[in-house]
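K.L.:
quick check, what structure comes out for this input:
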Amino acid sequence: MTNIEDEALLYQVASLYYEQNRTQEQIGEELHFTRWKVGRLLAEAREAGIVRIEVVHPKARMRSLEERLRDAFGLRDAVVVAADRADDERLRARVAEAGADYLTRLNPSPRQLGVSWGRTLDLLAARLQPGWAGGVHVVQINGGLSRSRTPTSAQDMAGRIAHLAQGTLSVLPVPSIVEQETTRRLLEQDSAVADVLDQAAAADTVLFSPGGIGADSVLVSSGYLTADDLASLAAAGAVGDVAGRFIDARGAIVDQPLDDRTLGLPLEHLRNSAVSVAVVSGAAKHAVCAAVVSSGLCNTLVTDQHTASHLLTTHQLTTHQREEL
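P.N.:
Model (predicted):
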């Protein structure tokens, strides 16, 4: 074989093994090689520079991407963790841990911390250590009572964050979405609910994880919405939700009647918060993450390298299109 043919074979074997996750035995059967020859070809591919293997520490941060995100979107801060070949759940856990580390290192520490709820924040709370801060008052920023037989973890998550900081807790003991706008107005007039919402509005730090528009949304599993509801929202332009409020790519509310039935902190408070931290990972949340950072709903982003790269690519394309107009 010529050198070109050699390189083509090495590339083919390396692609099957590293990109398509085929075993050496499967590759050997397909190409009529022994497993030992496949192993030798993989070694040659590394020696030829066709394959480059990088060992990435699970807590490794991508500093160049962080700087580019801060510059592109005017963020107060950004944390980007290496994604390597992690699946969605491992990546979610890794980003959640980075969020817990970031919260612990915040200087000054939050005095009044507003929190939303969901799977990512559950993982973040589970990775906080005792004494992560001292005397923090934690307050829920949106309702978290379940409307299904499966309870949400909203109060447990917020309570854990407060307990580990030897702090205090104010819960919002109402659903995230109610059936009538008048019901929401009546609940907001209750002194106990109004007091918690006032505390949430006064929080110096807000922590949330935007939700995607897929059927695995916690708002579906909690009984607030159906998969058909989400499909209708997506058709109307929704890319996901922030604290139960569905937004489009510009960060604007998509369905005003639905938003009028949603209990919690209005999104403008997130935009005006001194520290507004969004913790988000995975391709399913690329669109909602882009909406959150571009519309100023967060000023601090904790995410993975693939999401960060997507945000920067989209930003460059948008900037280029504007320049051409």
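
K.L.:
show me where pLDDT drops low in the stretch 151-300 of the chain?
P.N.:
When residues are selected by pLDDT under 70, those of the stretch 151-300 of the chain lie in 151.

K.L.:
which stretches of it form helices?
P.N.:
Along the stretch 151-300 of the chain, counting by DSSP state H, counting those that start in this stretch, helices occupy 154-164, 181-189, 191-201, 218-221, 227-235, 256-259, 267-272, 286-294.

K.L.:
now do the strands in this structure.
P.N.:
In the chain, the segments counted as strands under DSSP state E are 77-81, 112-115, 137-140, 168-170, 205-208, 240-242, 245-247, 275-279, 300-304.

K.L.:
with mean neighbour count and distance to D195 added, can I get the ones you listed in TSV?
P.N.:
For glycine as for every other residue, the C-beta is placed from the backbone atoms N, C-alpha and C. Rendered in TSV, the data for the strands of the chain read as follows (neighbours: other CB atoms under 10 Å; distance: least, CB to CB, whole Å):
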stretch	mean neighbour count	distance to D195
strand 77-81	25	31
strand 112-115	26	13
strand 137-140	25	10
strand 168-170	17	8
strand 205-208	27	18
strand 240-242	27	23
strand 245-247	25	21
strand 275-279	25	22
strand 300-304	27	27
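
K.L.:
nearest to A72, of the helices of the stretch 151-300 of the chain?
P.N.:
A72 lies closest, by CB to CB, to one member of those: helix 286-294, at 8.6 Å.

K.L.:
nearest approach to R147 belongs to which of the strands of the chain?
P.N.:
Of all those, strand 240-242 comes closest under CB to CB, at 15.6 Å.

K.L.:
before we move on, the earlier item: let me have the strands of the chain in a markdown table, adding distance to I50 as columns.
P.N.:
Converted to a markdown table, the strands of the chain look like this (distance: least, CB to CB, whole Å):
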| stretch | distance to I50 |
| --- | --- |
| strand 77-81 | 27 |
| strand 112-115 | 47 |
| strand 137-140 | 51 |
| strand 168-170 | 55 |
| strand 205-208 | 43 |
| strand 240-242 | 39 |
| strand 245-247 | 43 |
| strand 275-279 | 37 |
| strand 300-304 | 26 |
